[in-house]
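Trainee: What follows is a predicted structure for the sequence shown.
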Amino acid sequence: MLRVSDIGFDAPRRLLQAYGLKLLEVPAGEPIPGSYWGECEAGLIGNCVHVRADTPVHSLLHEACHLMVMPSERRAGVHTNASDSIEEEDAACYLQILLAEHLPGVGSARLMANMDAWGYSFRLGSARAWFEHDADNARQWLAERGLLPSR
């Protein structure tokens, strides 16, 4: 499982800043504020993504993507639980795979393997199969909102 300590905080911080988000580093051993899953998983509060060095990169990207896909008026009030929408969840999954290409040492293939290892569940059996063959709705949802990043 690729962790933030493997890639550092600088590249993810720059990526999130490009979307108007802040990446906040939590000291080792401290609880992560706004973490839905607890343990080492990323947390959300407002426009901030909270992570520790042991946070999985897929978790950092997934939670950040939840903030990116939600309407800005909702973002300010977010704490811990980002979405109750299947469309937003799918869009966040799709976008995190795309954005993995913008992080040195990560890339889409590695991120999808980590998503599978963590336990993301897709009806075609894997993140790659979903992304390549079953994510048209997510891609269209992102395109309609101007949220598809350039490669």
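Mentor: Cool, the structure landed. Numbering: from 1, shown residues only.

Trainee: so where do the strands sit in the protein?
Mentor: 22-25, 43-45, 48-51 (DSSP state E).

Trainee: So what touches the second one?
Mentor: Residues external to strand 43-45 that are found in contact with it (CB atoms under 8 Å, 6 or more residues apart in numbering): 26, 32-36, 49-51, 63, 66-67, 78-80, 82. To be clear about C-beta, it is placed using only N, CA and C from the backbone, and glycine gets the same treatment.

Trainee: from these, which single one is nearest D134?
Mentor: Closest approach between the contacts of strand 43-45 and D134, by CB to CB: H66, at 20.1 Å.

Trainee: about what we covered before: output the strands of the chain as a markdown table; include the columns mean pLDDT, mean neighbour count and distance to I86.
Mentor: As requested, the strands of the chain are exported to a markdown table (pLDDT from 0 to 100; neighbours: other CB atoms under 10 Å; distance: least, CB to CB, whole Å):
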| stretch | mean pLDDT | mean neighbour count | distance to I86 |
| --- | --- | --- | --- |
| strand 22-25 | 98 | 16 | 27 |
| strand 43-45 | 97 | 22 | 18 |
| strand 48-51 | 98 | 24 | 22 |
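
Trainee: Reformat these as JSON lines; add distance to Q96.
Mentor: As requested, the strands of the chain are exported to JSON lines (distance: least, CB to CB, whole Å):
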{"stretch": "strand 22-25", "distance to Q96": "14"}
{"stretch": "strand 43-45", "distance to Q96": "14"}
{"stretch": "strand 48-51", "distance to Q96": "12"}
